[in-house]
Structure formats: C-alpha cells, structure tokens
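Visitor: Generate a structure from the sequence data that follows.
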Amino acid sequence: MPHPVPGTAPSAAPPDPARLADLLPAVGRIRSAVQTVIEGKPQVIDTALTVLLAEGHLLIEDVPGVGKTQLAKTLARALDCSVRRIQFTPDLLPGDLTGVSVFNQESRAFEFRPGAVFANVVLGDEINRASPKTQSALLECMEERQVTVDGRTHELASPFMVIATQNPIEMEGTYPLPEAQRDRFMARVSMGYPSAAAEMEMLAEHAATNPLDDLTPVADAAEVVKLVEVVRTIHVARSVRAYVVDLAAATRDHHDLRLGASPRATLHLLRAAKATAALDGRDHVLPDDVQQLAVPVLAHRLLLSTDAQIAGRTPAQVVEELVRTVRVPPAGM
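Guide: Residues are numbered from 1 along each chain as shown. Predicted structure coming up:
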C-alpha cells in the first residue's frame, strides 16, 4: 500500500475560524523569533514559514556568507523539537544519513542505528558538496517520510522538514543536485546581500555575540502539527486548482524549457498557496497566492533549452512571463 502524501486527503473538514485565528499568533511568535537573528529578509522568512506549514522542504541557495545556514539554524532553534545538522562533504556516505544495521554480539542479531535524518528538522549544510549518490539517499525520506534500510522500513517523526543550503553550482567543489532531488524541495529561496541599513544593524548588534545564543523556542512539534492540520483545511476553488494546472502545463510546452514542472510541483504549489492563505488569515486560496509562490516553487525544477541558456535566460524569468500570460480565473468561480 503506497505511503500517503501529506495534505492530499480526498476530503478535509471545513476550516474552523477559531483554529485559523489561533494560527496567526503562533506563526507570529515564530516569525518574530527568526527576525531577531535574520535582519531585513521578511520575504525569505515568510517563504520558510510557508514551506514549514505546507509540509514541504526548503532549499536555500546563494553565495557563501550571506546567512543561509544562519536562517536554517534560526528556524530550527525557534521550534522546540529534535534537530540534526549534517555537514555535507565529498566523503559523506548514504548510511550516515539514513542509518545502518549493526550486528550486536550479545543478542546475535542485527540492530538498526538511526542516521541523521531521524529528527523533526534536518539541516543539510552545503548539500551540493556531497556526491550525487549521497544526495540521493534523501529521496525516500523527503517524499515519503520514511527510510528503508536492509529491507525494513522505518517511519520518520512528524513534523519532518529538510532545510538545505547550497552554493551556486559555479562554485568550486560542488555537484549539481539531481533533478529528482530538486523536485522534492517545495521551494527555493535566495538570501541575497542585505541592505546597507540591515548590514549596519547586524554590525552593531551581532559583532560581539551570536544572536542564536539568546534565542529560545517559541513553539513545539505538537503545535506545529496542529498548525499544519489547520492549513490542510483551507478551501481551494476548482477554478484556482485549474489555474495551478494551467501554469504547470504552460511550463511543459514552453519553447525555452526542455523540462517543465512535474505533477509533484503542481501539488507543492497548491499546498504552499494554502499555507500562504492561512498566514494571511483567509480560509480560501486566491490566484494571488499562487502567483506569489510561482517562482520559488517552480523555477528550481525547470531546465532551460540550449538556445535559452545561450540567450542568458533564467528559469525564474520564464515563470514570471507565464504568470503574466496565463489566464487568471475570474473571481467567484
């Protein structure tokens, strides 16, 4: 029997206004805690919270030194749950991630010793510095929330989120992520350089001490599970679902792309839009929610054609073009 995909129940209970109202203060506490460490990046923080509530995984890509790992560690520290950090290196083995079976001399039997993925939040630092074989060890756990070792399946804890950082593939010593693994990340964000004001603030407050040392958890795993359950109940009209499908289908037919968005990407876009609606205090998804998330959810999954690469196009530019051209469903449909 296939493992159920989170958030895809055929019918969900209607949104409870009281539970939806309780979501906002809880998320506000998490957001405020992260903002005490990450200066001047509200949009990146909101995307990270969206992925958390949508039961997805987050890929943070940018040049070294702009706060990728700091964001991942801060979000994990704000949650009172189990956290494991993995430093990806070329000599990292798949068993280091998933776990191994070890023979116990006393019991005369093999015992499973869990690997680093057995936590609520897994921080994968510089994920593209490990070999593709090791990167692929994450495929099953990211999609199915389980690990299979020596023919035995082991369930992972709930909630489960992978927050991975990677350097641009032009950097020395990096391996490009396989397409199958990029497709399992719900969203990709770039930190970017801070504004001058935010960098001045950072120098004034963070030069002498590490702000993470003073950060205390503001939500636990059980509370996050309840927030996720609220997001699952957000209503999506048939016309909005059709709009999501139209956007994904447009990537598959675009002349600048040789690989379009997968059905998994369509599902991720819808689930992320539901989380965005909940964060905005609404019990229903709007086309604006879909448009807001189209680039971070879709762009990292797309592969450009050779002509588009030569012309200097980027997947994000293609998605932005499709957002402008694909017909938006009328309100109330």
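Visitor: going forward, measure contacts and count neighbours with C-alpha atoms only.
Guide: Fine.
Visitor: If you count neighbours, what's buried in stretch 267-286?
Guide: The neighbour-count check on stretch 267-286 (16 or more other Cα atoms under 10 Å) flags 267-279, 282-286 as buried.
Visitor: after the helix or strand where R271 lies, next one along is what?
Guide: Taking DSSP states H and E as the definition, R271 sits inside helix 263-279. Proceeding N to C from helix 263-279, the next assigned helix or strand is helix 287-298, under DSSP H and E.
Visitor: after that following helix comes which helix or strand?
Guide: strand 303-304.
Visitor: And the helices in the protein, which stretches?
Guide: When assigned using DSSP state H, the helices of the chain occupy the ranges 17-35, 42-53, 68-78, 94-98, 132-135, 139-144, 179-182, 196-206, 221-232, 238-253, 263-279, 287-298, 306-310, 315-325.
Visitor: Quick one: neighbours of S195, just the number.
Guide: Burial measure for S195: 12 neighbouring residues, criterion other Cα atoms under 10 Å.
Visitor: separation between it and E39?
Guide: Between S195 and E39 the computed distance is 9 Å (Cα to Cα, to the nearest Å).
Visitor: show me what contacts V189?
Guide: For V189, the contacting residues are 44, 47, 58-61, 296, by Cα atoms under 8 Å, 6 or more residues apart in numbering.
Visitor: Closest to T153 out of these?
Guide: Within these, the smallest distance to T153 is 24.4 Å, found for L58 (Cα to Cα).
Visitor: which residues does that closest one bridge with?
Guide: Beta-bridge pairing for L58 (DSSP bridges): I163, A187.
Visitor: doesn't D46 make contact with it?
Guide: No. Counting by Cα atoms under 8 Å, L58 does not reach D46; the two are 11.8 Å apart.
Visitor: of these two, who's got more company?
Guide: Neighbours were counted for L58 and for D46 using other Cα under 10 Å; L58 has more, 27 against 15.
Visitor: Please determine how far the more buried one is located from A72.
Guide: As judged by Cα to Cα, L58 and A72 stand 9 Å apart.
Visitor: tell me, what's touching the two both at once?
Guide: Residues touching both L58 and A72 (Cα under 8 Å, 6+ apart): 163-164.
Visitor: Just the pLDDT at the residue located most distally from the centre of the chain, thanks.
Guide: In terms of distance from the mean C-alpha position of the chain, E106 ranks first, at 42.2 Å (Cα atoms, centre = their mean). Looking at E106, its pLDDT is 83.
Visitor: next one: V117
Guide: 91.
Visitor: got the contact list for it?
Guide: 84, 97-98, 141, 156.
Visitor: Swap in 6 Å and give it another go.
Guide: Residues near V117 by Cα atoms under 6 Å, 6 or more residues apart in numbering: L97.
Visitor: What about it? Give its phi and psi, please.
Guide: Main-chain dihedrals, V117, degrees, to the nearest 10: phi -80, psi -10.
Visitor: Lowest-confidence one in the contacts of V189?
Guide: In terms of pLDDT, the lowest of those is E61, showing 84.
Visitor: By average pLDDT, which secondary structure element in the chain comes out worst?
Guide: Within the chain, judged by mean pLDDT, DSSP states H and E, the helix or strand with the poorest mean is helix 196-206; its value is a mean of 76.
Visitor: which parts of that helix are buried?
Guide: Across helix 196-206, burial judged by 16+ other Cα under 10 Å covers M202.
Visitor: which residues touch it?
Guide: By Cα under 6 Å, 6+ apart, helix 196-206 touches 39-40.
Visitor: That one: how far from the chain's middle?
Guide: Chain-centre distance of helix 196-206: 27 Å, with Cα atoms, centre = their mean, to the nearest Å.
Visitor: tell me which residues in stretch 183-195 are buried?
Guide: Neighbour count says stretch 183-195 has 183-191, 194 buried, by 16+ other Cα under 10 Å.
Visitor: now, which of the residues you listed lie within strands?
Guide: Among the buried residues of stretch 183-195, the residues falling in strands (DSSP state E) are 187-189.
Visitor: Can you tell me, leaving aside adjacent residues, what's nearest to A116?
Guide: In this structure, A116 finds its nearest non-sequential neighbour in L97, 4.9 Å apart by Cα to Cα, 6 or more residues apart in numbering.
Visitor: I misspoke; the intended subject was F103.
Guide: Closest residue to F103 in three dimensions, ignoring its sequence neighbours and counting by Cα to Cα, 6+ apart: F110, at 4.2 Å.
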